[in-house]
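Q: got a structure for you, letters missing:
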């Protein structure tokens, strides 16, 4: 369902959210209870005990919703179950079920909190990380936030349901829970975590009125989804989108499925494993399946391959235009100015994820239609570039780099404060091996943890300096809504009429013209023609 009709159907959700505002404020008073011991916080469900190390206190594996198992599989998150005594919050909770060989469980709705150990006279701004992983793999435990928190900000990370457990819209679910958001269970988990932050973060010394959401790849796509969702309004106050993926800034690259298509995808997959009905009995059969069965065939590689072919993984709709959480494609919401008007940082890497397929140069440049000859001149001026390299450059521009610029343009067009970046720093240990900054390689630098990428023994002083610089911009944005300060090179706000961006390179942060501008302009013309 699209357009004005779909948007009108969300008004009830918006009104409900506004009505809950006073309840959130009451809940903050009820649950935001610091204790005499700085390692113990009283939150929904009970008390949690953390650990202190390296000037940072952390709490890990805190439940923010009931385990989504049994009859709660494919239901929106339910209230957390209470526990007795002080729960040891010293280890990450398991990742949500996926094909990767990691500690994992269907009981996975936990989050983690880091803060500076030094007491603060004022509540600390909060940065909430949404992990990426093509909506099918990954989790919070692989991201260390100690060094970022040491810079003076509070950080929260979360797990959320993945694959067919997180994004699945079987028709029987609509009959069972007609008033629930359907299909986007992973997004609803994220929403529940953001509401948990509003109600509980003061117990750790955090400020629920200064929340930044940030994420990379599918995590960046989730940030975009929350920016345009009416159900997420008021739960965050600034946003960072790092190489945002599904849903992306361009609907024709990594768009969202409409609800009818999502139901068809779920039904066809269910039939393929012998569940042929669409009634309560079919739902009971599906809920009886082992969780591992529900993630078969949806690895990260398989998902990117499917997206490159213009499809979705079998049985998984990816993000869904459900009429409530996502009332319309994000690109349409941005075009109409219906996003949350908050300060935004957005960008991509210079050798980002390539999503697309072409078996010849002729087919590849044919994507540009009447601009095919111009595309050849820009991407392959001498005619000697390999097909593999051309696919990398063309499809990375198509999937990540141009859509990131488009998001910045759209937000700036409506008067929203935006900062645009391109990340091109390559860790010294990777130079000569990588021709640029690969998808996700900016994360360790934003987190001020370059060893997470290359290992402690291979980190150089240059890597550490780059990480300290990049993370300072990220943290400053979380603290003040402006990435600038501290004597760093000034990062200008994005102006869609002026070709300037922050370019993080091996030589430092350089503000100047976009070296890929002509290529991205070509993609912009293509998308304008295809509207």
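A: Cool, the structure landed. Model, not experiment: these values are computed from the prediction.
Q: from here on, just use CA atoms for contacts and neighbour counts.
A: Fine.
Q: now the residue nearest the centre of the chain: how far from residue 186?
A: The residue lying closest to the centre of the chain (C-alpha atoms, centre = their mean) is residue 219, at 1.4 Å. Here the distance between residue 219 and residue 186 works out to 11 Å (C-alpha to C-alpha, to the nearest Å).
Q: which residue ranges of the stretch 1-150 of the chain form helices?
A: 3-9, 11-19, 21-31, 146-149 (DSSP state H, counting those that start in this stretch).
Q: what do you get for the stretch 351-500 of the chain?
A: For the stretch 351-500 of the chain, the helices defined by DSSP H, counting those that start in this stretch cover 361-366, 372-379, 387-396, 402-413, 443-446, 451-454, 461-480.
Q: which of these sits closest to residue 81?
A: Among the helices of the stretch 351-500 of the chain, the nearest to residue 81 by C-alpha to C-alpha is helix 461-480 (31.2 Å).
Q: any idea of the angle whichever helix or strand comes after that closest one forms with helix 461-480?
A: Proceeding N to C from helix 461-480, the next assigned helix or strand is strand 501-505, under DSSP states H and E. Counting by axes from the mean of the first three to the mean of the last three C-alpha atoms, to 10 degrees, strand 501-505 points 150 degrees away from the direction of helix 461-480.
Q: what about strand 501-505, distance to the chain center?
A: The chain centroid and the centroid of strand 501-505 are separated by 22 Å under C-alpha atoms, centre = their mean, to the nearest Å.
Q: which residues touch the host helix or strand of residue 192?
A: Mapping residue 192 onto the secondary structure by DSSP H and E places it in helix 185-200. Residues from elsewhere that reach helix 185-200 (C-alpha atoms under 8 Å, 6 or more residues apart in numbering): 24-25, 27-28, 31-32, 43-44, 64-65, 74-77, 109, 111, 128, 130, 158, 160-162, 165-168, 181, 208-209, 222, 232, 235-236, 325.
Q: now, the residues you listed that are in strands?
A: Among the contacts of helix 185-200, the members falling in strands (DSSP state E) are 43, 111, 128, 130, 158, 208-209.
Q: and the pLDDT at the residue nearest to residue 184 when sequence neighbours are not counted?
A: Spatial nearest neighbour of residue 184, chain neighbours left out: residue 167 (5.0 Å); criterion: C-alpha to C-alpha, 6 or more residues apart in numbering. The model reports residue 167 with a pLDDT of 97.
Q: same thing with the one 5 residues further on?
A: The predicted local distance difference test score for residue 172 is 95.
Q: the one 5 residues further on now?
A: What the model reports as pLDDT for residue 177 is 89.
Q: centre of the chain to stretch 310-325, how far?
A: Its chain's average C-alpha position is 16 Å from that of stretch 310-325, according to C-alpha atoms, centre = their mean.
Q: what residues of that stretch count as buried?
A: Taking 16 or more other C-alpha atoms under 10 Å as the basis for neighbour counts, the residues of stretch 310-325 that come out buried are 312-325.
Q: again, but for stretch 203-220
A: Using 16+ other C-alpha under 10 Å as the burial criterion, the residues of stretch 203-220 that qualify are 203-208, 210-220.
Q: and it, how far from the chain's centre?
A: With C-alpha atoms, centre = their mean as the basis, the distance from the averaged C-alpha position of stretch 203-220 to the chain average is 11 Å.
Q: now stretch 494-507
A: Here stretch 494-507 is found 23 Å from its chain centre; the criterion is C-alpha atoms, centre = their mean.
Q: so what touches that stretch?
A: The set of residues external to stretch 494-507 that reach it, using C-alpha under 8 Å, 6+ apart, is 408-409, 412-413, 417-426, 491-492, 509-514, 517.
Q: any quick ChimeraX command for the buried ones out of those residues?
A: Only the buried entries of the contacts of stretch 494-507 go into this ChimeraX selection, using 16+ other C-alpha under 10 Å:
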select :408,409,412,413,417,418,419,420,421,422,423,424,425,426,491,492,509,510,511
